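> No sequence on hand, only this structure:
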């Protein structure tokens, strides 16, 4: 159960193919931007849901005094088991989908930049 690095890197591919898909049906730049944001939020929401399904059941360890958080298997990033567990949970559930959102938007804007420079016919309206 590590950082969902493949989900974050998958954002580049999703962004690239989103621009390819959207620009095949429209040439308006404002519509392309809106659809890119929509698809980026959609993929990020799927990752958030997946992280909640994977990590959500472990939240009960915060409220159970007999739980052994120190031996749960997470890295001690904050040098204390409870703080590290909370930090790791926030990193997995909330920050990873946000990073995927950013990589999706970045990948789509890179693809848009490449295709606009090639003269794809996209108009800024």
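That came through fine. Predicted model only: the values in this text are computed from it and were never measured.
> How many neighbouring residues does residue 14 have?
For residue 14, the count of nearby residues is 22 (other Cβ atoms under 10 Å). For the C-beta atoms, the positions are set from N, CA and C on the backbone; glycine is no exception.
> contacting residues around it?
39-40, 43, 104, 107-108 (Cβ atoms under 8 Å, 6 or more residues apart in numbering).
> Sort out for me which of those residues are in helices.
Using DSSP state H, the subset of the contacts of residue 14 located in helices is 39-40, 43, 104, 107-108.
> Give me the number of neighbouring residues for residue 114.
Residue 114, neighbours per other Cβ under 10 Å, totals 12.
> name the element it belongs to?
Secondary structure assignment for residue 114, by DSSP states H and E: helix 96-117.
> how about the residue most central in space within the chain, what does it touch?
Centroid check for the chain by Cα atoms, centre = their mean gives residue 100 as the closest residue, at 2.1 Å. By Cβ under 8 Å, 6+ apart, residue 100 lies in contact with 4, 7-8, 10-11, 43-44, 47.
> of all the ones in helices among the contacts of residue 14, which comes closest to residue 85?
Using Cβ to Cβ, residue 43 is the member of the ones in helices among the contacts of residue 14 that lies nearest residue 85, at 27.2 Å.
> quick one: the closest one from residue 99, how far?
12 Å (Cβ to Cβ, to the nearest Å).
> Name the residues contacting each of those two.
With Cβ under 8 Å, 6+ apart as the test, residue 43 and residue 99 both reach residue 11.
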